[in-house]
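> generate a structure from the sequence data that follows.
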Amino acid sequence: MAILVIAEHDNQSLKAATKNAVAAAAKIGGDIEVLVAGAGCAAVAAEAAKLAGVTKVKLADAPQFADQTAENLAAQVISMATGYSHIVAAATTCGKNFAPRVAALLDVAQISDIVGVESADTFVRPIYAGNALATVQSADSVKVITVRITAFDAVAEGGAAPVETVAAVADTGKSKLVSREITKSERPELTAARIIVSGGRGVGSGENYHKVLDPLADKLGAAQGASRAAVDAGFVPNDYQVGQTGKIVAPELYVAVGISGAIQHLAGMKESKVIVAINKDPDAPIFQVADYGLVADLFEAVPELTAAL
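Next up, the predicted model:
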C-alpha cells in the first residue's frame, strides 16, 4: 500500500502543513511518497526528503507549476494516481482547492478534514461545525483525503528519502494567476502560532483592535486573529479570521478578547490547549469553552494584563 502526500510550498520552502499531512499518512500505514510540484523547487524536494517516514519524493519541476493552479496540480496528481491507495493533502486553502478536482476526476468520494485515523479505510471527521464527530468508511479503491492539520502533530526531520524526477503534465491552460496580495507581518503565521490573541466585535473598531491588542500580542510574541464579526466589520483583514469559514487553529494559548463565542468561531479554535476569555458579558458562550474567564471591560483589563506581563 502506497500513499501519495501532496506537498504545499512556495517554491522556496516546504509549508508546515505538509508535515502534519505526512503525520496523518503515517497513521494510515504504508509507504509514504511526497509529490513536490512547482517551478525551481528542488530545495523544497530536498526538504521533503528529510521528513521522517517519507520513503520517496517525486519532483515535478516545470514552469506551469510556478503558481500551483488547481487545474494543473490536479492534472499532475491524476497522471500519477495509479498504484496509490491514498492521496493525502492538508485541508488548507491550497488543499481544498485541488483535492476535490482530483476526487472528481477519479470518480471517488473525497474524505474531507479528517481528525483521526481508525484504519486504512476508516477515518474520523468533524460535522455540524465540530459539534459531532463522524466515523466514515470508504470502499473506494483510491481514497482522496484532506487532513485537518491541527489534529496531527507535525513529523520531525531525520529521513533521507531519494528524490525522483517525474514527467510534468502539459499546462491545461484553464486558468492563470493574475495577481497575489500577500499580507506581510513580523508576527508568527496564524495557523502555526503557539500563542494567538484574537479580537471580536467587542473591541469596537479597527483602531481599538490595534491599540488594545497589539501591545499584548507583542508582549506574548503572539499571532493575531479575529472573529468573523470583527472581519466583517472591517476591523482587520480576512486573513485574520478564525472560525469555520476562516482558519482552524489549535495553539497552546488562545486569548479571546471581546469575542462572544458564536458557534462559527468556536469551530475554529476550541481545540486550543488553553483558552482565556475576556468579555464583559458573563453569559457569553465563549466562557463555556474557556479554561480561564474574566468578566471585565476589555479596555481596562487588557492594558492591565499587558502591563503585568
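> quick check: closest non-adjacent residue to A132.
Nearest residue to A132, sequence neighbours excluded (C-beta to C-beta, 6 or more residues apart in numbering): P126, at 7.3 Å. C-beta coordinates here come from the backbone N, C-alpha and C atoms, glycine included.
> ok, now which ones touch A250?
Applying C-beta atoms under 8 Å, 6 or more residues apart in numbering to A250 gives the contacts T150, A151, M269, E271, S272, K273.
> name the SS class of it, please.
coil (DSSP: H, G, I helix; E, B strand; the rest coil).
> number of nearby residues for the nearest residue to it once chain neighbours are set aside?
Distances taken as C-beta to C-beta, 6+ apart put T150 closest to A250, at 3.5 Å, once the chain neighbours are dropped. Residues contacting T150 under the criterion other C-beta atoms under 10 Å number 21.
> pretty sure V57 sits in a strand.
Yes: counting by three-state DSSP, V57 is part of a strand.
> who does it bridge with?
For V57, the beta-bridge partners under DSSP bridges are V34, V163.
> mind listing what it touches?
Contacts of V57 (C-beta under 8 Å, 6+ apart): E33, V34, L35, V36, A45, A48, A49, A161, P162, V163, E164.
> what does the pLDDT read for the last one?
What the model reports as pLDDT for E164 is 93.
> for it, give its distance to E33.
Going from E164 to E33 by C-beta to C-beta, to the nearest Å gives 9 Å.
> between those two, what contacts are shared?
In contact with both E164 and E33: K56, V57, K58, using C-beta under 8 Å, 6+ apart.
> can you give me phi and psi for T172?
Main-chain dihedrals, T172, degrees, to the nearest 10: phi -70, psi -30.
> report how many residues lie close to the nearest residue to E189 once chain neighbours are set aside.
Using C-beta to C-beta, 6+ apart and skipping the chain neighbours, the partner closest in space to E189 is A223 (6.7 Å). For A223, the neighbour count with other C-beta under 10 Å is 24.
> OK, contacts around A223?
When contacts are taken as C-beta under 8 Å, 6+ apart, A223 is in contact with R187, P188, E189, L190, A193, I195, I196, V197, A217, P251.
> who's it bridged to?
On the basis of DSSP bridges, A223 takes part in beta bridges with I196.
> coming back round to it: out of the shared contacts of E164 and E33, which one sits closest to I6?
K58 (10.2 Å; C-beta to C-beta).
> thinking again about what came up before, between the contacts of A223, which is closest to A284?
Nearest to A284 among these is V197, at 17.2 Å by C-beta to C-beta.
> how much space separates the closest one from V295?
From V197 over to V295 (counting by C-beta to C-beta), the distance is 19 Å.
> neighbour count: those two, which is higher?
The neighbour count for V197 versus V295, taken as other C-beta under 10 Å, is higher for V197 (28 against 14).
> correct me, but that one touches L220?
Yes: contact status for V197 versus L220: in contact at 6.6 Å, counting by C-beta atoms under 8 Å.
> quick one: common contacting residues for those two?
V255.
> quick one on the thing from earlier: check contacts around the residue nearest to A132.
D113, V115, A132, L133, A134, R148, A267.
> which of E164 and E33 has more residues huddled nearby?
With neighbours defined as other C-beta under 10 Å, E164 and E33 compare such that E33 has more, 21 against 11.
> check contacts around that one.
Residues near E33 by C-beta under 8 Å, 6+ apart: A2, I3, L4, V5, V54, T55, K56, V57, K58, Y84.
> right, and the second one touches S85 too?
Yes: proximity of I3 to S85 meets the contact threshold set by C-beta under 8 Å, at 6.7 Å.
> need the overlap of contacts for those two.
G30.
> who has more neighbours out of these two?
A direct count of neighbours by other C-beta under 10 Å for I3 and S85 places I3 higher, at 26 against 18.
> in the stretch 1-150 of the chain, which spans are helices?
Along the stretch 1-150 of the chain, counting by DSSP state H, counting those that start in this stretch, helices occupy 16-28, 42-49, 70-80, 93-106.
> who touches the last one?
Counting by C-beta under 8 Å, 6+ apart, helix 93-106 makes contact with 6, 8, 17, 21, 68, 70-71, 73-74, 77-78, 81, 87, 89, 109-110, 142, 144, 146-147, all of which sit outside it.
> buried subset of those?
Burial by neighbour count, judged by 16 or more other C-beta atoms under 10 Å, picks out 6, 8, 17, 21, 68, 70-71, 73-74, 77, 81, 87, 89, 110, 142, 144, 146-147 from the contacts of helix 93-106.
> tell me how far the residue most central in space within the chain lies from K15.
With distances taken as C-alpha atoms, centre = their mean, the residue of the chain nearest its centroid is T92 (4.4 Å). With distances taken as C-beta to C-beta, T92 is found 8 Å from K15.
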